[in-house]
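**Student:** When you get a sec, could you give me coordinates for this:
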Amino acid sequence: MKKPPSKFGQWRERMRDRMARSSRVFLIGLIVACGIEVLIDWNATLFEINVLRDRMRERGFNYAGILAKSTIAPLTARDAPTLSVLTSGLFDDGDVAFVRFTTADGAVVYERVDTEYEALFARRRGAAFRDYYASQLTRDADGIVNDPAGLRQRMAASRYRDFAQQWNDLVDRVVTRFTGPKPLHAGGNVLYQDRLRTPDKQRDDAVTYAIAAVRDDSGKAVGTIVVAFSMDRTNAAIRAKYLKGLGMVVFFVGLILVQNVVSRRDKLRLLDLEARYAAAKQALRDAFPKPLLEGDLRAAGAIDQAPGAVDGMAWDLASDAEGVELAIVDPDGDGVDSAAVALHALRTLRADRSGTLLDRARRVGAAVMSIPLSRPVGILLVRVRHDGAIEGIASPIGDLRGAELTRTDLADVPEGLVGPLHALAGTLPPEGRLIGAFGHGGAKRLNIDDVASFVARSRGELDAVVVDAATWARGRASALAGNDLAVLVVARR
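**Tutor:** Sure, this is the predicted structure:
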């Protein structure tokens with residue numbers, strides 16, 4: 001029989017149970033779990049999208065950076081045939097759609113549009129590629145020559161970005177706080193324009209281009225290079241990534257929802273089961289008698305209930321002019337029904353104390369078997385008279401120490417009782433203690449000698465001693481974690 005928890009412990013248990021059962025707490029937890037899953041999945045999707053765009057960006061930087069080094073002389077001389085030869089290999093890249101060289105003042109020296117892409121672009125936009133992007137190409141060419149830092153800043157601050165670009169910019173700003181700015185490509189001479197707009201001021205994701213300033217050895221700008229890319233293949237891959245990310249979000253969020261709903265149902269069932277177990281254990285504790293601490297015979301008992309399921313062990317104590325009588329009832333099996341059987345057995349014992357101990361044990365067995373689907377109970381009935389005489393009836397559920405006892409096998413085991421039954425007889429000497437220890441699970445049993453030694457060296461009132469002994473026995477009997485443990489003591493003055 002454990003000590004009742006403190007007020008704080010009771011409050012903590014109430015709060016834990018309330019939060020476990022609260023649908024609001026469950027909903028908040030579910031939203032948080034789904035939110036984290038969505039964030040993780042979409043972050044992975046956006047990362048993959050940015051990897052695709054970064055590959056295009058790196059190609060643009062490489063192409064424009066190499067040409068900026070190798071075309072200084074022909075661009076200065078305005079040698080268009082040479083520029084055509086130097087750039088012809090670019091169009092082996094299926095994404096390269098346009099190349100342009102201009103002088104520092106903006107005059108076009110050489111340009112080329114992929115013929116297939118030019119026809120496709122005209123059908124889509126109703127205008128030639130050069131004309132459609134004329135103003136933006138002129139603006140960026142002037143900016144890369146005269147104000148590259150300002151152009152870079154305007155690109156970064158452009159509102160013509162999709163969510164993936166905005167997310168990437170946010171991540172870059174956060175990373176930059178800890179690692180510093182990324183190194184500039186080609187000495188800052190090359191920029192990548194992926195924030196274009198349509199004539200009606202909508203974001204244009206069909207084309208991106210790298211633009212570089214061509215500078216001589218003195219650093220003077222002699223012209224610009226534009227290498228433009230069709231984003232058709234990349235955008236198709238991006239759409240596939242979005243669909244994949246959406247599928248992952250739907251799948252994993254659905255999985256979280258199903259798992260949480262199912263686990264909540266199981267948890268609520270478990271909480272209800274725990275509540276029923278707790279109520280059954282409390283009903284047993286309420287039925288336990290008070291110890292007898294006055295007179296020449298003192299008696300007390302304590303049961304340390306199993307922390308999990310209901311084992312159903314119960315004890316009883318009665319006194320009259322002849323002496324004291326103690327009882328242990330231990331239903332076979334566990335569960336709430338075991339507690340009901342034990343309580344019914346206690347009521348039967350208390351209702352009629354007439355007849356011999358065997359007669360009373362027989363009545364208990366009959367009462368137990370009157371319950372549908374009931375199982376037998378182990379029983380101990382022991383009477384200690386004022387002169388020390390001991391008599392008893394016992395199933396093999398525990399043992400007694402402190403007196404010389406003789407055990408006689410009883411051939412007749414009443415229905416409803418766990419056999420074999422033994423008749424006990426002996427004498428409790430003056431100043432002696434009859435100590436009983438009960439608790440078993442399969443072949444494992446509570447060690448009576450250890451319990452008797454603990455009781456013998458304990459000081460204090462008898463009721464406190466038995467509680468301490470039961471608690472101490474619990475710590476020593478890890479193999480009996482699923483079983484109730486009982487300690488009974490009768491002390492003769």
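
**Student:** With adjacent residues omitted, what lies nearest to Gly29?
**Tutor:** Leaving aside its chain neighbours, Gly29 sits nearest to Asn260 (7.6 Å; criterion: Cβ to Cβ, 6 or more residues apart in numbering). Using the backbone N, CA and C atoms, a C-beta is placed for each residue, glycine as well.

**Student:** Got the phi and psi for the one you found?
**Tutor:** Main-chain dihedrals, Asn260, degrees, to the nearest 10: phi -70, psi -40.

**Student:** isn't Gly426 right up against Thr406?
**Tutor:** Yes - between Gly426 and Thr406 there is a contact at 6.3 Å, judged by Cβ atoms under 8 Å.

**Student:** These two: which has the busier surroundings?
**Tutor:** Gly426 (20 against 10; other Cβ atoms under 10 Å).

**Student:** Mind listing the residues bridging to Leu101?
**Tutor:** To be clear, residue 101 is Phe; Leu isn't right here. Assessed by DSSP bridges, Phe101 has beta-bridge partners Tyr110, Ile225.

**Student:** Pull the number of nearby residues for it.
**Tutor:** Phe101, neighbours per other Cβ under 10 Å, totals 26.

**Student:** which ones are touching it?
**Tutor:** Applying Cβ atoms under 8 Å, 6 or more residues apart in numbering to Phe101 gives the contacts Thr71, Leu75, Leu83, Val108, Val109, Tyr110, Glu111, Val214, Gly223, Thr224, Ile225, Val226.

**Student:** Tell me the one among the residues you listed nearest to Asp172.
**Tutor:** The closest of the contacts of Phe101 to Asp172 turns out to be Val226 (Cβ to Cβ; 24.4 Å).

**Student:** Which residue, other than its chain neighbours, is closest to the closest one?
**Tutor:** Distance criterion Cβ to Cβ, 6+ apart; nearest residue to Val226, sequence neighbours excluded, is Arg100 at 4.3 Å.

**Student:** Could you measure from that neighbour over to Leu326?
**Tutor:** Separation of Arg100 from Leu326 (Cβ to Cβ, to the nearest Å): 106 Å.

**Student:** re earlier: correct me, but the residue nearest to Val226 touches Leu137?
**Tutor:** Yes - taking contacts as Cβ under 8 Å, Arg100 lies within contact range of Leu137: 6.9 Å.

**Student:** any residues in contact with both of those two?
**Tutor:** Common neighbours of Arg100 and Leu137 (Cβ under 8 Å, 6+ apart) are Val226.

**Student:** What pairs with the strand or helix carrying Leu191, parallel or antiparallel?
**Tutor:** Assigning secondary structure by DSSP states H and E places Leu191 in strand 190-193. Strand 190-193 sits in its sheet next to strand 207-215 (antiparallel), going by DSSP bridges.

**Student:** Mean confidence (pLDDT) on the partner strand, please.
**Tutor:** What strand 207-215 shows for mean pLDDT is 95.

**Student:** buried sites along it?
**Tutor:** Neighbour counts using 16 or more other Cβ atoms under 10 Å place Val207, Thr208, Tyr209, Ala210, Ile211, Ala212, Ala213, Val214, Arg215 of strand 207-215 among the buried residues.

**Student:** What of stretch 313-329?
**Tutor:** Applying a neighbour-count criterion of 16+ other Cβ under 10 Å, the buried positions in stretch 313-329 are 313-319, 323-329.

**Student:** Pick the one among those residues closest to Val377.
**Tutor:** Scanning the buried residues of stretch 313-329 for proximity to Val377, where the rule is Cβ to Cβ, the winner is Val329, at 5.4 Å.

**Student:** how near is the residue nearest to Leu373 when sequence neighbours are not counted to Ile371?
**Tutor:** Counting by Cβ to Cβ, 6+ apart, Leu373 lies nearest to Asp337, which is 7.7 Å off, once chain neighbours are set aside. Per Cβ to Cβ, Asp337 is found 8 Å from Ile371.

**Student:** So for these two, which sits in the more crowded spot?
**Tutor:** Asp337 (18 against 14).

**Student:** ok, Thr71 to Ala104 distance?
**Tutor:** Distance from Thr71 to Ala104, by Cβ to Cβ: 13 Å.

**Student:** out of these two, which sits in the more crowded spot?
**Tutor:** Taking other Cβ under 10 Å, Thr71 and Ala104 do not tie; Thr71 has more neighbours (23 against 19).

**Student:** thinking that one is in contact with Ala213, fair?
**Tutor:** No - applying Cβ under 8 Å, one finds Thr71 not in contact with Ala213, separated by 11.7 Å.

**Student:** where exactly do the strands run in the stretch 251-400 of the chain?
**Tutor:** Assigned by DSSP state E, counting those that start in this stretch, the strands in the stretch 251-400 of the chain fall at 297-304, 314-319, 323-331, 377-385, 389-394, 398-401.

**Student:** who does the fourth one touch, helix- and strand-wise?
**Tutor:** Same thing as strand 377-385. Judged by 3 or more Cβ pairs under 8 Å, 6 or more residues apart in numbering; DSSP states H and E, strand 377-385 is in contact with strand 323-331, helix 336-351, helix 357-369, strand 389-394, strand 433-438.

**Student:** That strand versus strand 323-331: what angle between them?
**Tutor:** Strand 377-385 and strand 323-331 meet at an angle of 170 degrees, taking axes from the mean of the first three to the mean of the last three Cα atoms, to 10 degrees as the criterion.

**Student:** Can I get strand 377-385 in CSV, CA atoms only?
**Tutor:** Output of strand 377-385 as CSV, limited to C-alpha atoms (Å, rounded to 0.1, in the frame of the first residue of the first chain):
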residue,chain,number,x,y,z
VAL,A,377,-8.3,-17.4,-5.9
GLY,A,378,-5.4,-18.1,-3.7
ILE,A,379,-6.3,-17.6,0.0
LEU,A,380,-4.7,-17.4,3.4
LEU,A,381,-6.8,-17.4,6.5
VAL,A,382,-4.9,-17.4,9.8
ARG,A,383,-6.1,-16.9,13.4
VAL,A,384,-3.8,-16.0,16.3
ARG,A,385,-5.4,-16.4,19.7
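
**Student:** how far is it from where the chain is centred?
**Tutor:** 49 Å (Cα atoms, centre = their mean, to the nearest Å).

**Student:** buried stuff in that strand?
**Tutor:** Buried, per 16+ other Cβ under 10 Å, within strand 377-385: Val377, Gly378, Ile379, Leu380, Leu381, Val382, Arg383, Val384, Arg385.

**Student:** what's the average pLDDT for it?
**Tutor:** Mean predicted confidence for strand 377-385 is 94.

**Student:** how many degrees apart are it and strand 389-394 in direction?
**Tutor:** Using the same axes, to 10 degrees, strand 377-385 lies at 170 degrees relative to strand 389-394.

**Student:** Could I get the pLDDT score of Arg276?
**Tutor:** pLDDT at Arg276 comes out at 85.

**Student:** now the strands of the stretch 251-400 of the chain as CSV including distance to Leu255?
**Tutor:** Formatted as CSV, those follow (distance: least, Cβ to Cβ, whole Å):
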stretch, distance to Leu255
strand 297-304, 43
strand 314-319, 47
strand 323-331, 43
strand 377-385, 48
strand 389-394, 56
strand 398-401, 51
